[in-house]
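[1] The following block contains a protein sequence and its predicted model.
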Amino acid sequence: MKSDLRTFKNAAWLGWQMEANWTDPFLFATYSIVKPLAGTLILVFMYLVIIETSGSGMEMADSPYFTYMFIGNAFYMYAAEVLFGVTWVIHDDREHYMTLKQVYIAPINFYAYVLGRAAIKIAITTVGVLITLVFGVLALGVGIDLGSVDWPFFIISLIVGLACICILGLALGGISFLTAKHGEGINEGIAGVFYVLSGVVFPITALPTWAQSVSKVLPVTYWMEALRRGLSPDAMDQLKASYPYDVTGLGGFDNVFLMLVLVVSSVIFFVLSLGIFRYADLIARRKGKIDWTSAY
Amino acid sequence: MSDTWLMRNLRAVNGRAYPRIIGSKREPSWLFFDIVLPLLTVAAYAYIYKFNNAQEQFIGYVVLGGAMTAFWLNILWSMASQLYWEKEIGNLQLYLMAPISRMSILAGMAVGGLFFTTLRATSTLVIGIVVFSVAFTLSNPLMILVIFVVTMIALYGMGMMFASLYLLFGREAYHMSNLMMEPVYFASGFYFPVKYLGFWAAAGASAIPITLGLDALRQLFFAAGSGDAFLPVETEAAILCVLSVVFVFLAKYSLDYMERLGKTSGRLTLRWQ
Amino acid sequence: MFNPKKKKEGKSVTALDSVDLRIEQGELFGLLGPNGAGKTTLLKILSTLLLPTSGKAYVAGFDVAKDFQEVRKRINMVSGGEVSGYGLLTVRENLWMFTQFYGIKSRVANERIDSLLEKFGMADKKNEKVRTLSTGMRQKMNVIRGFVTDPDILFLDEPTLGLDVNASRIIREYIVDWVKNGKNKTVLLTTHYMAEADQLCGRIAIIDNGKILVCDAPQKIKKLVKTSTTLSLDVSLMMDKSRIRAIRGVDKFTSFDDAEKDVTHLRFVLEGDAPVSDILSELTRSGSKIISLQKTEPTLEDVFIKMVGKGFE
């Protein structure tokens, strides 16, 4: 256990060096702020265009859907960055720095190493998420009232969801053992699947019925819903009230049941992901792909 | 050397394009990643418009924007930042020692990647049209072709200019490329008409060729496009022509300048910066 | 003459200091020096990858700073341990790709590639993907890459690094043949292997801390350190050694009789090689049987250690 913690700590230190030592702190801070905000602004302006061309006269800040979309997009950064980050550890170490084989054969817990590297990604992404949320609340009137936040529910859902994302990233990292350099697309792709199917920026009821069935299998769907209910319960109640039907598709779940479903689905994905990683690792070792390079 | 300067550089383009083309044949997993997965972002934004009962043409704009991201990403990652990877692998110094223009190497990368870029863009367009029942019009195919070609020349010229940064910098330039994805999607109006950013913001964003290229294509592909236009198509075409010339010259100048800086400071072939 | 300085993270490092060298057309010139001496820096300047801070460098008569395009038409460089090309391509494809950057027609390029692969014993690997090659094979491919463009001047930066004895021998033989039989072909070779430099190079420069310590033919360099030759012989037991001692040119002479093994160990310190034949003749005349013979001359290693440790004389 002690040695795993040491591996985790050293990997986290390495992850920090990889993420941050390429430039001075000011430029790094700028980078860490601009990137998440720019992604958010695309959605903000899309919604502005919708309002302007609809002629409804509605203000963005008055729309519970805007809060729904904003919160989902902010926390989706975890899904995108952490999935990418975990997969990238394996890909980058193998293709770029060619150090994967040295790490792999070292007498350390490889999972601890990967998760240590991922931990830094989570920390940096957290800054991005916070900046986005603060910007949203202060500049755009996003409906988050700190007094109304259901903190225990929010924090537990955040932790469970992050753990699930990390393990899923590990599975994708395992798959990237077997693919060429454009295996970067794997994590973008899976993150994209969540973006479309997990109610990140629009409710799953906007999707065709068959797609909604898939949505209900994904833990990120419940994670998004739980985060919103925890962070902005009032806005979510307003959203439900604005539509004559169950707009989110999860209206029938109370918070306890929602948390239960989140935990169970996360556990299932945890087991699946670990299985995928182990299998991919075995195939990679058989085919000699632990230390191959595939750039072209 | 028996070849003329032109032939030598054309051979260089061919030589560098070859690994790209062969690579796509030998590692076919890109087919899935580059065709199916880009559709996901398109789908997400399309559903945002759909859920909010936006005007029909906006879904078409998203499909078009999604298709054009293929070219922007090709420039950022398969051309500009590719020099970073070449430096890290150790090929860059071999290219720089060869008696060819750096633009030939970059052009080779671009040409080699053009096949799957075009395939990605086309498949996004076609599948997007089918899935979301988007109505595209082809009222002026010649102008569409002209706009597309000048946009690509200007865009690839800009990409070569970015690539020059990698001759001097390492990871900073790589992270700058990373930084330029979402801000460019936002400022260039990939997923919404750029005029809604306001005149001056849109004018500033027009320095990126794809801004005007997309705006013009929207007007040409969609009947309602002119209502969401920033500038008339002809004006945008003229500006794009100017931008193509400007960026190609800037690319040559910046590649020479950055190479010289890199040689003076000893960073031209320095790995793991 | 150079005097370049290289700034490295705020600290100024003098990588080359007043280097003054002239390498003639048709030479196989060696550059010896410890790690960090400035060998690779010099090669990078000459191959137009780095600009000198001051001074001038000319390759084939062209200024490396101003006329770099002309220089590039005439050179190529191979570094030891480099990873060139793409793992996804075959050996042949990788080599062909690099020829295209030098404007070589595909037909000519492929002929040269096939010929070189044959000469280097890699004909059976030509359709193998580069990523499946061993380190040694990869390095052979890199060396071929240097020759395939048929440059006038070839820079070889530790080309036999990582290669087995046989592969190294093939490459060295090819380098020598290439310079000897080629039309005005010039090679600048850096190496750590003293024997390689000694064997291959017409002239050698020893560099340390950016300075050239000496530049001359290997034999002359060795004489700077030691002019004498040591000759060690084991002969059948020999009681009377007076006639041996009297041979002209024998500077020092020691012997040891091992009665148990019936062997006499003889050791001579000679001025030059001339007395060797006299000694052997005398031994034969006296009826002694020569069991073993070893001649030790001053080596480049002696020179290297002495000069690098000593600095300028």
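    Arrived safely. Note that the coordinates shown come from a computational prediction; the quantities given were computed from them, not determined experimentally. Numbering: from 1, shown residues only, chains lettered A, B, ... in the order given.

[2] distance between stretch A:40-60 and the chain's centre?
    With Cα atoms, centre = their mean, to the nearest Å as the basis, stretch A:40-60 stands 25 Å off its chain's centre.

[3] The helix-or-strand element of chain B with minimal mean pLDDT and chain C, are they touching?
    Of all helical and strand segments in chain B, the minimum by mean pLDDT, DSSP states H and E falls on helix B:30-31, at a mean of 72. No: shown here: helix B:30-31 not in contact with chain C (Cβ under 8 Å from any Cβ of the partner chain), separated by at least 12.0 Å. Yep, even glycine has a C-beta here, placed from its N, CA and C like the rest.

[4] Could you look up the next helix or strand downstream of that helix?
    The helix or strand immediately downstream of helix B:30-31 is helix B:38-51, counting by DSSP states H and E.

[5] CA atoms only: put that next one into CSV for me.
    What follows is helix B:38-51, C-alpha atoms only, in CSV (Å, rounded to 0.1, in the frame of the first residue of the first chain):
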residue,chain,number,x,y,z
PRO,B,38,-16.8,13.7,-35.5
LEU,B,39,-20.5,13.2,-36.0
LEU,B,40,-21.0,13.1,-32.3
THR,B,41,-20.1,16.8,-31.8
VAL,B,42,-22.3,17.6,-34.8
ALA,B,43,-25.1,15.6,-33.3
ALA,B,44,-24.8,17.3,-29.9
TYR,B,45,-25.0,20.8,-31.3
ALA,B,46,-27.7,19.9,-33.8
TYR,B,47,-29.8,18.5,-30.9
ILE,B,48,-29.3,21.7,-29.0
TYR,B,49,-30.9,23.6,-31.8
LYS,B,50,-33.5,21.0,-32.3
PHE,B,51,-34.5,20.8,-28.6
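
[6] Which parts of the stretch 51-200 of chain C are strands?
    Taking DSSP state E, counting those that start in this stretch as the criterion, the stretch 51-200 of chain C contains strands spanning C:58-59, C:62-63, C:75-79, C:153-157, C:186-191.

[7] Can you check the pLDDT for A:S63?
    Looking at A:S63, its pLDDT stands at 90.

[8] same question, the one 10 residues further on
    Note for A:N73: predicted pLDDT of 94.

[9] burial of it, as a residue count?
    23 (other Cβ atoms under 10 Å in any protein chain shown).

[10] ok, it touching A:V200?
    Yes: counting by Cβ atoms under 8 Å, A:V200 is a contact partner of A:N73 at 6.5 Å.

[11] low-scoring pLDDT stretches of the stretch 51-200 of chain A, where are they?
    Applying pLDDT under 70 to the stretch 51-200 of chain A flags residues A:96, A:180-185.

[12] Nearest to chain B: which residue in the stretch 151-300 of chain C?
    Nearest residue of the stretch 151-300 of chain C to chain B, counting by Cβ to the nearest Cβ: C:F155, 9.2 Å away.

[13] Dead centre of the chain: give me the residue that sits there.
    All of this refers to chain A. By Cα atoms, centre = their mean, chain A has its centre lying nearest to A:A79, at 1.2 Å.

[14] my bad, the chain I had in mind was chain C
    What sits nearest the mean C-alpha location of chain C, by Cα atoms, centre = their mean, is C:A197, with 2.5 Å.

[15] rewinding a little: distance of the residue of the stretch 151-300 of chain C closest to chain B relative to C:R74?
    11 Å (Cβ to Cβ, to the nearest Å).

[16] who's more crowded, these two?
    Neighbour count, other Cβ under 10 Å: between C:F155 and C:R74, C:F155 has more, with 26 against 18.

[17] Do I have it right that that one meets C:I45?
    No: contact criterion Cβ under 8 Å: C:F155 and C:I45 do not qualify, at 10.5 Å.

[18] Verify the contact between the residue nearest to the centre of chain C and C:G30 for me.
    Yes: the pair C:A197 and C:G30 qualifies as a contact (Cβ under 8 Å) at a distance of 4.1 Å.

[19] So for these two, which residues contact both of them?
    C:189, C:191, C:204 (Cβ atoms under 8 Å, 6 or more residues apart in numbering or on different chains).

[20] wait, which of those is closest to C:A37?
    Distance to C:A37, by Cβ to Cβ, is smallest for C:T191 among those, at 12.1 Å.

[21] ok, for the closest residue to chain B within chain C, nearest residue in space, not its chain neighbours?
    Proximity of chain C to chain B (Cβ to the nearest Cβ) peaks at C:Q100, 2.8 Å away. Excluding the flanking residues, the one nearest C:Q100 by Cβ to Cβ, 6 or more residues apart in numbering or on different chains is B:G15, at 2.8 Å.

[22] Return the list of helices and strands in contact with the host helix or strand of that neighbour.
    Using DSSP H and E, B:G15 sits in helix B:5-26. Secondary-structure packing of helix B:5-26 (3 or more Cβ pairs under 8 Å, 6 or more residues apart in numbering or on different chains; DSSP states H and E): helix B:102-132, helix C:91-100.

[23] what angle sits between it and helix C:91-100?
    Between the axes of helix B:5-26 and helix C:91-100, defined by axes from the mean of the first three to the mean of the last three Cα atoms, to 10 degrees, the angle is 150 degrees.

[24] okay, helix B:5-26 in CSV with CA atoms only?
    Taking C-alpha atoms only, helix B:5-26 is exported to CSV below (Å, rounded to 0.1, in the frame of the first residue of the first chain):
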residue,chain,number,x,y,z
TRP,B,5,14.3,23.4,-57.9
LEU,B,6,10.7,22.9,-58.8
MET,B,7,11.0,19.2,-59.6
ARG,B,8,13.0,18.6,-56.4
ASN,B,9,10.3,20.2,-54.3
LEU,B,10,7.5,18.4,-56.1
ARG,B,11,9.3,15.1,-55.4
ALA,B,12,9.7,16.2,-51.7
VAL,B,13,5.9,16.8,-51.6
ASN,B,14,5.3,13.4,-53.0
GLY,B,15,7.9,11.8,-50.7
ARG,B,16,6.4,13.3,-47.6
ALA,B,17,2.8,12.6,-48.6
TYR,B,18,3.6,8.9,-49.1
PRO,B,19,3.9,7.9,-45.5
ARG,B,20,0.5,9.6,-44.8
ILE,B,21,-1.2,7.8,-47.6
ILE,B,22,0.3,4.5,-46.9
GLY,B,23,-0.2,4.9,-43.1
SER,B,24,-3.9,5.3,-43.7
LYS,B,25,-4.0,2.1,-45.6
ARG,B,26,-2.0,0.1,-43.1
